[in-house]
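1. This is the structure alone, sequence omitted:
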């Protein structure tokens, strides 16, 4: 990434109309879900320094990732995933060494 900082947002909406019940006379029972995501690129002196990503869904899931570039070859990665409906919580960290520039 050359230049300055940037912020990106994305939204998704999914609808399952489930029209199969109409033929048998059952009640119409559509289901839907939505999610919102974001990505923030932070730069220092024209070079990428950090990337922050996250996602929030209507199904109770929240996830996020932070990538911090230590030097041109080493990146520290921290992530979390929270699923409130199934009560599963995951946290992690890692280090990426090398890679494409």
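-> The structure has been received and is ready for your questions. Note that the structure is a prediction, hence the values are computed from the model and not measured.
2. need the longest strand for this protein.
-> strand 31-44 (DSSP state E).
3. packing partners for that one?
-> Applying 3 or more Cβ pairs under 8 Å, 6 or more residues apart in numbering; DSSP states H and E, one finds that strand 31-44 makes contact with strand 6-16, strand 47-57. For the C-beta atoms, the positions are set from N, CA and C on the backbone; glycine is no exception.
4. Residues contacting that strand, please?
-> Contact partners of strand 31-44, identified using Cβ atoms under 8 Å, 6 or more residues apart in numbering, comprise 1, 3-16, 18, 48-59.
5. next one: stretch 86-94
-> The set of residues external to stretch 86-94 that reach it, using Cβ under 8 Å, 6+ apart, is 76-83.
6. Tally up the residues packed near residue 59, please.
-> Using other Cβ atoms under 10 Å, residue 59 is surrounded by 12 other residues.
7. check contacts around it.
-> 33, 85.
8. Against residue 29, how distant is it?
-> Here residue 59 is placed at a distance of 17 Å from residue 29 (Cβ to Cβ, to the nearest Å).
9. element containing residue 59?
-> Using DSSP states H and E, residue 59 sits in no helix or strand.
10. Least confident secondary structure element in this structure?
-> Least confident helix or strand, the chain: helix 21-24 with a mean of 69, by mean pLDDT, DSSP states H and E.
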